[in-house]
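> Predicted coordinates and the sequence they were generated for:
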Amino acid sequence: QVQLVETGGGLVQPGGSLRLSCVASGFNFNNYALAWFRQAPGKEREGVVCISWQGIRSTYLDSGKGRFTISRDNAEKTVYLQMDSLELEDTAVYYCAKGRTVGCHNGYDYWGQGTQGTVSP
C-alpha cells in the first residue's frame, strides 16, 4: 500500500532552517508529482510547493517563494523540503502528498502523517 513518511521537523529560531524529508513506498515514485502542504493551528491545510515527475516546480505559497525549495531523489524515493529564513508564521504540521498524476495540477490522493515544524525565539 502507499505510504509516505515525513521526518525532519523540529524547533528552530526565527531566521533558521529546517530540511524535511518524505520517504515514499507502495507506488512507482518516478511517475507521480509530489507536494508539501502545511496546517497551522486553527487554520486550514494549505499547499506549499509541488514538484512534477520531471522536476518542474510549482509554488502554491506566496510567502514561501525564495525561502522554500522542493526537490526529489527518484533513486531514494524521497522528496525534500528545504525551508530557510523561517518565520514564526511558518509554525505548522507539514505533510507530504502524492499527486494523482505526473503533474502538479490534478490533485493529491495520499498523505503522510505529518511532521511538526515550530519556529520560536
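All right, it came through fine. Numbers count the residues shown, from 1 in each chain.

> Report the strands that pair with the helix or strand of the chain with the lowest mean pLDDT, each with its relative direction.
Sorting the helices and strands of the chain by mean pLDDT, DSSP states H and E puts strand 57-59 at the bottom, at a mean of 92. Note on strand 57-59: by DSSP bridges, its sheet partners are strand 46-51 (antiparallel).

> starting at the chain centroid, how far to the strand it pairs with?
6 Å (C-alpha atoms, centre = their mean, to the nearest Å).

> Over to V79. Which of the three states is it?
V79 carries the three-state label strand when classified by DSSP: H, G, I helix; E, B strand; the rest coil.

> Just list the residues touching it, thanks.
With contact set as C-beta atoms under 8 Å, 6 or more residues apart in numbering, V79 has these partners: S21, C22, A24, L34, W36, I51, I70, S71, R72, D73, C96. (Each C-beta comes from the backbone N, C-alpha and C, glycine too.)

> which regions of the chain lie under the pLDDT threshold?
Of all residues in the chain, none has pLDDT under 70.

> Name all residues that make contact with the most centrally placed residue in the chain.
Central residue of the chain (C-alpha atoms, centre = their mean): W36, 2.4 Å from the mean position. Residues near W36 by C-beta under 8 Å, 6+ apart: 20, 22, 47-50, 68, 70, 79, 81, 94-97.

> With I70 instead?
Shown in contact with I70 (C-beta under 8 Å, 6+ apart): L34, A35, W36, V48, V49, C50, I51, R57, V79, Y80, L81, Q82.

> Right, I'll call it a day here.
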